[in-house]
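>>> Need coordinates for the following:
(one chain, ligands or ions: 3)
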Amino acid sequence: MTTQLTITRPDDWHLHLRDGDLMASVLAHTAREFARAIVMPNLKPPVSTVELAAAYRDRILAARPAGSDFTPLMTLYLTGTLTPEEVVKAKDSGFVHAVKFYPAGATTNSEAGVSALDGVMPALEKMAEVGLPFLVHGEVTDSAVDVFDREAAFIDRVMTPLLQRLPDLRVVFEHITTRQAAEFVLAAGDNVGATVTPQHLLMNRNALFQGGIRPHHYCLPVLKREEHRKALLAAVTSGSTKFFLGTDSAPHAQHTKETACGCAGIYSAHAALGFYAEAFESVGKLDQLEAFASFNGPDFYRLPRNSGTVTLVREDWTVPASYPFGEHAVVPLRAGETLGWKLRDGQAG
Ligand SMILES: NC(=O)N[C@@H](CC(=O)O)C(=O)O
Ligand SMILES: [Zn+2]
Ligand SMILES: [Zn+2]
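Ligands and ions are numbered 1, 2, ... in the order given. Here you go, the predicted structure:
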């Protein structure tokens with residue numbers, strides 16, 4: 001049995017840091033494990049301009065733990081007013097690495113998103129031209145479509161037509177959850193990649209109802225059937241370079257999840273790499289973790305791979321019941337349970 005795993009320092013290609021005191025409480029978890037992270041722009045108001053992204057970036061840098069060299073990679077929230085000029089400005093900034101599409105109403109803080117891409121075609125064309133990646137929350141918002149089918153429907157209704165129209169657009173299908181999405185990405189060109197979360201590799205939709213309703217297992221896109229979990233696990237361990245680590249760690253205060261209408265989002269930053277190690281090991285593919293966590297993402301984003309390493313050791317530890325989250329608490333994935341992989345302290349490269 002492997003007792004220790006050392007890999008090139010990884011990055012998180014899909015992360016929610018929130019802002020202010022909330023951000024200050026969670027950032028250290030990510031900065032411990034990851035050199036960089038693609039920071040999602042779904043704040044209120046959204047991070048929709050290069051200027052807002054610069055200010056958000058400064059707040060993140062100021063909130064880093066002492067001595068941390070963590071680098072936030074910023075994104076712009078796609079609104080109906082994004083212009084081709086702003087796309088060029090983003091590309092030239094050097095710190096904005098993508099534009100994120102939230103279909104209006106699809107997920108947390110998506111109200112400011114667009115409902116259809118027709119109105120923003122000039123901006124998308126410019127992104128294809130300058131090579132700025134387009135990150136997609138891939139779910140239709142049509143209430144007539146079953147919530148478990150919204151990702152598959154999105155492929156047919158939005159993703160396929162989009163890539164027909166802009167075949168060179170560099171697209172990341174974020175937090176994929178279905179066999180259909182994994183197959184779509186595998187069959188697409190090199191300009192299409194995908195992030196996969198730990199929860200979608202470790203759990204199926206039964207985890208939402210284990211002994212009662214489980215709000216801390218609720219995220220969007222919602223957990224799917226076991227066949228989909230298996231397909232995702234097969235895809236990320238297949239050796240394909242199109243899949244990369246994106247935790248979608250999405251902290252919400254405990255009281256906003258344990259309520260009649262609970263928020264969507266799972267907090268996983270406290271043990272992200274260990275969760276992935278557990279998933280890869282479950283199919284005997286720990287040797288594939290490094291490419292997924294540390295190589296495929298930077299290669300897709302055309303950024304250098306990190307130097308330095310991190311080491312996971314096989315050591316049982318118990319996840320706390322909660323962590324501080326501003327003046328509130330956040331309940332982490334596997335709260336109160338024992339994990340078998342632990343990050344060795346003090347070895348960031
Ligand atoms: N994944 C989630 O369930 N929630 C995310 C938003 C998102 O990534 O869709 C959040 O910001 O809370
Ligand atoms: Zn999303
Ligand atoms: Zn997300």
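
>>> Could you use CA atoms for every contact and neighbour count after this?
Will do.

>>> Sketch out the low-pLDDT regions of the stretch 51-200 of the chain for me.
The model of the stretch 51-200 of the chain has no residue with pLDDT under 70.

>>> Return the residues of it in contact with ligand 1.
Proximity of the stretch 51-200 of the chain to ligand 1 is confined to 107, 108 under the rule CA under 6 Å from any ligand atom.

>>> now the top strand by length along the chain: how far from the chain's centre is it?
Looking across the chain with DSSP state E, the single longest strand is strand 309-318. From the chain centre to the centre of strand 309-318 is a distance of 22 Å (CA atoms, centre = their mean, to the nearest Å).

>>> mind listing what's buried in it?
309, 310, 311, 312, 313, 314 (16 or more other CA atoms under 10 Å).

>>> Residues touching that strand, excluding its own?
By CA atoms under 8 Å, 6 or more residues apart in numbering, the residues outside strand 309-318 that reach it are 2-10, 33, 274, 335-344, 347-349.

>>> now stretch 118-127
Contacts of stretch 118-127 (CA under 8 Å, 6+ apart): 80, 81, 82, 83, 84, 87, 88, 133, 134, 166, 169.

>>> Could you find the closest non-adjacent residue to the second one?
In this case it means residue 81. residue 120 (7.8 Å; CA to CA, 6 or more residues apart in numbering).

>>> so how far is residue 126 from that neighbour?
10 Å (CA to CA, to the nearest Å).

>>> rewinding a little: could you list which of the contacts of strand 309-318 belong to strands?
Judged by DSSP E, strands contain the following of the contacts of strand 309-318: 4, 5, 6, 7, 8, 338, 339, 340, 341, 342, 343.

>>> Out of these, flag the one nearest to ligand 1.
For these, the closest approach to ligand 1 (CA to the nearest ligand atom) belongs to residue 339, at 22.5 Å.

>>> Can you give me the neighbour number for the closest one?
18 (other CA atoms under 10 Å).

>>> which ones are touching it?
274, 315, 316, 317, 318, 319.

>>> Now tabulate these in TSV and tack on distance to residue 180.
Converted to TSV, the contacts of residue 339 look like this (distance: CA to CA, whole Å):
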residue	distance to residue 180
274	27
315	36
316	35
317	36
318	35
319	33
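
>>> can you redo these as TSV with pLDDT and distance to residue 21?
Listed next are the contacts of residue 339 as TSV, based on pLDDT from 0 to 100; distance: CA to CA, whole Å:
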residue	pLDDT	distance to residue 21
274	98	26
315	96	31
316	96	30
317	97	27
318	97	25
319	98	22
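
>>> Ligand 1: which of the residues you listed is nearest?
residue 274 (19.5 Å).

>>> which other residues reach stretch 95-110?
38, 40-44, 46, 50, 53-54, 73-78, 90-91, 111-116, 132-141, 220, 263-264, 301.

>>> Inside strands: which ones of those?
38, 73, 74, 75, 76, 77, 134, 135, 136.

>>> leaving aside the residues next to it on the chain, what's closest to residue 218?
residue 264 (5.5 Å).

>>> let me fix that: residue 288
residue 237 (5.8 Å).
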